[in-house]
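Chemist: From the sequence below, what's the structure:
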Amino acid sequence: MSTKILIIGACGQIGTELTQKLRSVYGTDNVIASDIRKLDNDVVNDGIFEVVNALDYNQIENLIEKYHITDVYLMAALLSATAEKNPAFAWDLNMNSLFHVLNLAKAGKIKKIFWPSSIAVFGPTTPRDNTPQYTVMEPSTVYGISKQSGERWCEYYNKQYGVDVRSIRYPGLISWTSPPGGGTTDYAVDIYYKALEDKKFTCFLSENTALPMMYMDDAIKATISIMQAPAEQIKVRCSYNLSAISFTPKEIAASIQKHIPEFTIDYAPDFRQKIADSWPASIDDSVARQDWGWKNDFDMERMTSVMLENLAKK
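Modeler: From the prediction side, this is the model:
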């Protein structure tokens, strides 16, 4: 049976690029993009697109039946900074959309699920440097609490019902194709825009706040790799640690100054500083590297070159 993919939340920061990559891998007609509203963009215009509410079980079930879907990528979520402003809705969206998809798999309607977790599952009591795969997790944000709960449910549905659900804990993601989407790590996207437009940037985190980050191409590669790996290689059924680079605002500014010497940065930490302080500074992802062969392609210098080059064209 051929792979037929449904992406829920296809117009988001990750969904946009994931949709395009999956279409190039599996064929445009085998990848159904969906989101809560229809935007005028490549995701909508370059293939099959359906409007769907991730909170509506029947809508999702109808799409799965209509297109004979085998794999669902559930990318719909309210991110960290946005979720803090609307905790009840964030919980509802992040949890109930997952239950819908898990229950559809339990009922035998789909074969495989990808559900993204995040470094937000960790908290202030987690070891901050080289955070291990298995460690203390006491998240202090709504986003983190919902992702931590989701991990437990994924593991439960796998053990109890044999649902093939796969997950990775994304670090901060950096991309030039879609604008920042309300995450605490989004300063690392915005800084490139401001460097080109204004030659200066005011950062909402302090200069030495180290956070785990990843260039979007690596995140997409990891997402597709874990879904293509044989089931017996996926030994972690809550979510895998995933890492590429860790840096501070001061370090990313220095990498930009190699290309734009007149660029300046200042710092005005806001409520997001507290969120960042509760997260790891660096991640140990040796389990993902061992189990399914994860390997990143981008370091900070390569990422900065590609970001500035592509944003300048844009």
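Chemist: was I right about Thr159 contacting Val165?
Modeler: If you look again at residue 159, you'll see it is Lys, not Thr. No. Lys159 is beyond contact range of Val165, at 10.7 Å (criterion: C-beta atoms under 8 Å). Every residue, glycine included, has its C-beta placed from N, CA and C.
Chemist: more crowded one of the two?
Modeler: Val165 (27 against 10; other C-beta atoms under 10 Å).
Chemist: Using the three-state scheme, assign that one.
Modeler: Secondary structure for Val165, judged by DSSP: H, G, I helix; E, B strand; the rest coil, is strand.
Chemist: Which pLDDT value goes with it?
Modeler: pLDDT, Val165: 98.
Chemist: I'd like the distance between it and Leu104.
Modeler: 11 Å (C-beta to C-beta, to the nearest Å).
Chemist: swap in Ala229?
Modeler: In terms of C-beta to C-beta, Ala229 sits 22 Å off from Leu104.
Chemist: again with Asn96
Modeler: 13 Å.
Chemist: Comparing these two, which residue is more hemmed in?
Modeler: Using other C-beta under 10 Å, the more surrounded residue of Asn96 and Leu104 is Leu104, with 20 against 14.
Chemist: Isn't the more buried one up against Glu65?
Modeler: No. Applying C-beta under 8 Å as the test, Leu104 and Glu65 come out as separate, 9.9 Å apart.
Chemist: in the chain, which helix or strand is least confident?
Modeler: helix 80-85 (a mean of 86; mean pLDDT, DSSP states H and E).
Chemist: now for that one, which elements pack on it?
Modeler: helix 87-106, helix 142-161, helix 271-277 (3 or more C-beta pairs under 8 Å, 6 or more residues apart in numbering; DSSP states H and E).
Chemist: hmm, try it at 7 Å
Modeler: The contact analysis (3 or more C-beta pairs under 7 Å, 6 or more residues apart in numbering; DSSP states H and E) places helix 80-85 against helix 142-161, helix 271-277.
Chemist: Buried deepest among the ones you listed, which one?
Modeler: Highest mean neighbour count among the helices and strands packed on helix 80-85 (mean count of other C-beta atoms under 10 Å): helix 142-161, with a mean of 20.
Chemist: burial measure for Gln20, as a count.
Modeler: 20.
Chemist: Pull up the gap between the nearest residue in space to it that is not next to it in sequence and Glu17, please.
Modeler: Leaving aside its chain neighbours, Gln20 sits nearest to Asp42 (6.6 Å; criterion: C-beta to C-beta, 6 or more residues apart in numbering). Using C-beta to C-beta, Asp42 is found at 10 Å from Glu17.
Chemist: Same check on Ile245?
Modeler: 18 Å.
Chemist: what does Asn158 give?
Modeler: 27 Å.
Chemist: out of Asp42 and Glu17, which sits in the busier spot?
Modeler: A count of neighbours by other C-beta under 10 Å puts Glu17 above the other of Asp42 and Glu17, at 21 against 16.
Chemist: what helix or strand does that one sit in?
Modeler: helix 13-26 (DSSP states H and E).
Chemist: Give the other helices and strands that that helix contacts.
Modeler: strand 5-8, strand 31-35, helix 42-45, helix 216-228.
Chemist: rerun at 6 Å
Modeler: In terms of contacts (3 or more C-beta pairs under 6 Å, 6 or more residues apart in numbering; DSSP states H and E), helix 13-26 is packed against strand 5-8, strand 31-35, helix 216-228.
Chemist: Need the pLDDT of the residue nearest to Gln20.
Modeler: 92.
Chemist: what does Gly181 give?
Modeler: Gly181 is given a pLDDT of 69.
Chemist: who are the neighbours in contact with Thr28?
Modeler: Gly47 (C-beta atoms under 6 Å, 6 or more residues apart in numbering).
Chemist: Could you report the separation of it from Arg152?
Modeler: 36 Å.
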